[in-house]
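>>> have a look at this prediction, sequence included:
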Amino acid sequence: MKRIVTLVLVVVLVLSLSIAAFAEYTNGVPAIVVNGGSGPSLLLGVYNSANKKITVIPGEDIAIYTIKSASEIPWEDQDAFLKACEETGSTKDKTVRAPFYLWIREGYKELDGFAYVRYPFTCVGKNVKLTVNGKEMEVCPISENSWFAKLTEFGTIVISSD
């Protein structure tokens, strides 16, 4: 009987894992492989206003750029990204992670029923906030230190907490 209960619990545990549990995180930012590289890949879900997934954005349609790769950010967004990097260095009374730039191939925001993209991330602390291009996005808890943000736009992302 104990073996059956143990087996059932193991099956339930495996089935309860989400894709975010398998994403590799580097300093809280999901590591994304682009252009057919080897390693982890992140899939982001696109949701409608009823919180139903309407499609998945594959890793090849997503890129994350840090300050080390700022020259690869679209030129019209480079100045705003570099300004956000400077501002985070002078922030007091909050823990602010280094900003990064989230690029998603065009067309996903034009999908019929698009409301947001669910973006998973990790962050320690209270009052976790995520902004995109200076606009605060809704942040929801997944588990301790794991969150997801409802992104209605893409660009320079800054995550902070108390």
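Right, received. Where do you want to start? Computed from a predicted structure; not experimentally measured.

>>> show me what contacts the residue sitting nearest the centre point of the chain?
Geometric centre of the chain, nearest residue: Tyr119, 3.4 Å, by C-alpha atoms, centre = their mean. When contacts are counted by C-beta atoms under 8 Å, 6 or more residues apart in numbering, Tyr119 touches Leu44, Leu102, Leu130, Phe148, Ala149, Lys150, Leu151. The way it works is simple: take the backbone N, C-alpha and C, and place the C-beta from them, glycine included.

>>> save these as CSV, and put in distance to Asn51, neighbour count and secondary structure too.
Formatted as CSV, the contacts of Tyr119 follow (distance: C-beta to C-beta, whole Å; neighbours: other C-beta atoms under 10 Å; DSSP: H, G, I helix; E, B strand; the rest coil):
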residue, distance to Asn51, neighbour count, secondary structure
Leu44, 15, 25, strand
Leu102, 21, 21, strand
Leu130, 18, 23, strand
Phe148, 11, 22, strand
Ala149, 14, 23, strand
Lys150, 9, 16, strand
Leu151, 14, 22, strand
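
>>> using CSV, lay out those residues together with pLDDT and distance to Thr55.
Output for the contacts of Tyr119, formatted as CSV (pLDDT from 0 to 100; distance: C-beta to C-beta, whole Å):
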residue, pLDDT, distance to Thr55
Leu44, 90, 10
Leu102, 89, 17
Leu130, 91, 22
Phe148, 92, 17
Ala149, 94, 18
Lys150, 95, 16
Leu151, 94, 14
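
>>> I figured Asn145 was touching Cys123, is that so?
Yes - using C-beta atoms under 8 Å, Asn145 is in contact with Cys123, at 6.5 Å.

>>> all strands for the chain, in order.
For the chain, the strands defined by DSSP state E occupy 25-26, 29-30, 44-47, 53-57, 62-65, 95-96, 100-104, 116-122, 129-132, 135-143, 146-151, 156-161.

>>> can you say which of the ones you listed is nearest to Asp79?
strand 156-161 (10.3 Å; C-beta to C-beta).

>>> in the closest one, what counts as buried?
Within strand 156-161, the residues scored as buried using 16 or more other C-beta atoms under 10 Å are Thr156, Ile157, Val158, Ile159, Ser160, Ser161.

>>> now, which of those residues sits nearest Ile67?
Nearest member of the buried residues of strand 156-161 to Ile67, counting by C-beta to C-beta, is Thr156, at 11.0 Å.

>>> report the contact partners of that closest one.
Asp77, Ala80, Phe81, Ala84, Pro99, Phe100, Tyr101, Val132, Asn133, Gly134.

>>> of Asn145 and Cys123, who's got more company?
Legend: neighbour count by other C-beta atoms under 10 Å for Asn145 and Cys123, higher for Cys123 (18 against 14).
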